[in-house]
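1. Here's my sequence, what's the structure:
(chains A, B, C and D)
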There are 2 protein chains.
Amino acid sequence: MKTYTISEVAKELNLTVYTLRYYDKEGLMPFVERTPNGTRQFKESDIDALKIIECLKSTAMPIKEIKNFIDWCSEGDSTLQQRYDMFMDRKAIVEAQIEELKKQMEVIEHKCLYYKTALETGTEAIHKDNKMAISTP
Amino acid sequence: MKTYTISEVAKELNLTVYTLRYYDKEGLMPFVERTPNGTRQFKESDIDALKIIECLKSTAMPIKEIKNFIDWCSEGDSTLQQRYDMFMDRKAIVEAQIEELKKQMEVIEHKCLYYKTALETGTEAIHKDNKMAISTP
DNA sequence: TTAATCCTTAGAGTTAACTCTAGGTCAATA
DNA sequence: TATTGACCTAGAGTTAACTCTAAGGATTAA
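-> Below is the predicted model of the structure:
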């Protein structure tokens, strides 16, 4: 079975070897095996697991919480409910994150229009006596 | 004109007074006026400006970049182009953030289903010989 | 055989964004 | 009048997530 070195994995996942070792130190990769002299040997399934870790990280889950999940995975079927609940919770969190970003997007688009108009006339004064501030953003 | 104390503003924006003073220290609030003895007096427009700051912060813009924008605001009409470009860039960044979250959402939903099926049969083994790993997440 | 290049660890250093403490001012109340 | 509680600053401390350094081991290439 093909295995990968830490730098190959780092390259593939767009991480540094430092980061991967840090994750290991934090207990995020207990499944990665070693050669007799201690070198990490990543299997395809390890890379898949790291992709799940990256997925959770990209939704702003703290590393300590990701570790809880990894620990549950190691404990086996007795933790299926916790893991299911975790992903359902995460789903709700990500939905909220998307909604929040969409809300802020409207504000940003409004500002784009505001500055477009200001640029056309050469001055922000066009928006004066408007509820949009001038010297404050 | 009605003004607000730092603790009133903190409450309204769901921040701490420490955070607001920190923002001020970092140059994010040069527009906030003071009473003769030094107490900050927030106007409505200052709170609006802070809401823009919070908007940018919620899209992961670093405080130093937000400060650039605030500085441009203080410089007046000569920086209209920079400010327009900044909001257009931010718009693209937020669009990418939303797309990224949607992509991760699919992974999470897939995991929800995975664990739902596993829970129904009481074991993760149901997914074995599948490309989904068992002891790795 | 020696140099380069990978790997390892322990532990120190960095950065961003707070978060708090110490010591002080000022205005209102008991 | 004294105490309470809000405000202030400077600067120290905290936390998360890296990021790097030092010192050393194994493998390959000249």
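2. Skip the chain neighbours and tell me the closest residue to the residue positioned nearest the centre of chain A.
-> Nearest to the mean C-alpha position of chain A, by CA atoms, centre = their mean, lies residue A:58 at 0.9 Å. If the residues on either side of it in the chain are set aside, residue A:58 comes closest to residue B:104, at 5.4 Å by CB to CB, 6 or more residues apart in numbering or on different chains. C-beta: built from backbone N, CA, C; applies to glycine.
3. Name the helix or strand for that neighbour, please.
-> Assigned by DSSP states H and E, residue B:104 belongs to helix B:80-121.
4. Contacts only, for residue A:1.
-> A:43-44 (CB atoms under 8 Å, 6 or more residues apart in numbering or on different chains).
5. distance of it from DNA strand D?
-> Taking CB to the nearest atom of the strand, to the nearest Å as the measure, residue A:1 falls 18 Å from DNA strand D.
6. packing partners for the helix holding residue B:104?
-> Under the contact criterion of 3 or more CB pairs under 8 Å, 6 or more residues apart in numbering or on different chains; DSSP states H and E, helix B:80-121 touches helix A:44-58, helix A:80-121, helix B:63-75.
7. now the angle from it to helix A:44-58?
-> Orientation check (axes from the mean of the first three to the mean of the last three CA atoms, to 10 degrees): helix B:80-121 against helix A:44-58 gives 130 degrees.
8. Pull up the residues of chain A that are close to DNA strand C.
-> A:5-8, A:17, A:21, A:24-25, A:38-40 (CB under 7 Å from any atom of the strand).
9. quick check, nearest of those residues to residue A:74?
-> Of all these, residue A:74 sits closest to residue A:24, with 14.1 Å by CB to CB.
10. taking the residues of chain A next to DNA strand C one by one, which sit in strands?
-> Of the residues of chain A next to DNA strand C, the ones assigned to strands by DSSP state E are residue A:40.
11. Of the residues of chain A next to DNA strand C, keep whichever come out buried.
-> Buried members of these, counted by 16 or more other CB atoms under 10 Å in any protein chain shown: A:6, A:40.
12. pLDDT-wise, what's the bottom of the residues of chain A next to DNA strand C?
-> Minimum pLDDT for the residues of chain A next to DNA strand C is recorded at residue A:38 (95).
13. State the phi and psi torsions of that residue.
-> Backbone geometry at residue A:38, expressed as degrees, to the nearest 10, gives phi 100, psi 0.
14. if I look at it, how far off is residue A:6?
-> 12 Å (CB to CB, to the nearest Å).
15. How about the residues of chain A by DNA strand D?
-> So chain A meets DNA strand D at A:16, A:18-19, A:21-22, A:37, A:57, A:62-64 (CB under 7 Å from any atom of the strand).
16. okay if I get those as JSON lines plus distance to chain B?
-> JSON lines is the format used below for the residues of chain A next to DNA strand D (distance: CB to the nearest CB, whole Å):
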{"residue": "A:16", "distance to chain B": "20"}
{"residue": "A:18", "distance to chain B": "21"}
{"residue": "A:19", "distance to chain B": "18"}
{"residue": "A:21", "distance to chain B": "18"}
{"residue": "A:22", "distance to chain B": "18"}
{"residue": "A:37", "distance to chain B": "23"}
{"residue": "A:57", "distance to chain B": "10"}
{"residue": "A:62", "distance to chain B": "16"}
{"residue": "A:63", "distance to chain B": "14"}
{"residue": "A:64", "distance to chain B": "15"}
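17. Right, I'll call it a day here.
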